[in-house]
Every structure is written in structure tokens, then in C-alpha cells.
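The amino acid sequence is not available; the structure is as follows:
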């Protein structure tokens with residue numbers, strides 16, 4: 001998440017990251033897309049697309065981080081499955 005935050009700062013999306021961070025982590029207690037859109041002077045659709053792209057980038061960064069600790073593509077996939085399983089409990 002820290003790498004994504006740095007990425008967003010570098011690309012001028014720091015406000016979006018700050019407002020939507022809870023959506024990336026699956027936290028449902030934060031504000032919704034409409035509120036974020038209003039705060040950022042964006043449409044709700046634009047916020048949804050932006051959050052989708054942030055999730056994709058988060059996944060890329062996570063894969064990169066995991067690849068530093070394993071030897072093969074299969075191990076990356078397995079580590080991701082284990083991580084997702086442990087987070088779903």
C-alpha cells in the first residue's frame with residue numbers, strides 16, 4: 001500500500017488515493033463513490049474507473065513485491081492465493 005501511495009504522489013493522484021484507500025483494502029466503513037466524487041469534483045463513474053485502475057496497479061505492485069521472495073511465477077500465484085485466503089477469514 002505504501003508503494004501505491006508513493007506511485008500516486010508521483011502521478012498527481014494523491015488526493016484520490018487518500019479518499020479511496022479504504023476501497024482498495026476492502027473496508028466498507030468509509031465513504032462511498034458518490035461522496036468521493038463530490039469531494040474531488042469528479043463524476044461517480046470517473047471515480048469508479050480510477051479506483052479500478054488503482055486496484056490494478058496495487059495488484060501489479062503486490063506481485064512485484066512477492067516476486068522478490070520467490071523463484072517462479074507459480075510461486076507468486078500460490079503466495080497470492082494464500083494471502084487472499086488469509087485475508088478473507
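Alright, I've got the coordinates. Quantities reported herein were computed from a predicted structural model and do not represent experimental measurements.

Break down this protein into its helices, ranges please.
2-10, 14-24, 33-40, 44-67, 73-87 (DSSP state H).

What is the last one packed up against?
In this case it means helix 73-87. helix 44-67 (3 or more Cβ pairs under 8 Å, 6 or more residues apart in numbering; DSSP states H and E). Just so you know, the C-beta spots here come from the backbone N, C-alpha and C atoms, and that holds for glycine as well.

the inter-axis angle of the helix it packs on versus helix 33-40?
With axes from the mean of the first three to the mean of the last three Cα atoms, to 10 degrees as the basis, helix 44-67 and helix 33-40 are set at 100 degrees to each other.

Report the distance from helix 44-67 to the chain centre.
Distance of helix 44-67 from the chain centroid (Cα atoms, centre = their mean, to the nearest Å) equals 4 Å.

That helix vs helix 73-87, what angle?
If you take the same axes, to 10 degrees, helix 44-67 sits at 120 degrees to helix 73-87.

Buried ones in helix 44-67, by neighbour count?
Within helix 44-67, the residues scored as buried using 16 or more other Cβ atoms under 10 Å are 47, 48, 50, 51, 54, 57, 58, 61, 62, 66.

Now tabulate those residues in JSON lines and tack on distance to residue 88.
Formatted as JSON lines, the buried residues of helix 44-67 follow (distance: Cβ to Cβ, whole Å):
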{"residue": "47", "distance to residue 88": "25"}
{"residue": "48", "distance to residue 88": "23"}
{"residue": "50", "distance to residue 88": "25"}
{"residue": "51", "distance to residue 88": "20"}
{"residue": "54", "distance to residue 88": "20"}
{"residue": "57", "distance to residue 88": "22"}
{"residue": "58", "distance to residue 88": "17"}
{"residue": "61", "distance to residue 88": "20"}
{"residue": "62", "distance to residue 88": "15"}
{"residue": "66", "distance to residue 88": "17"}
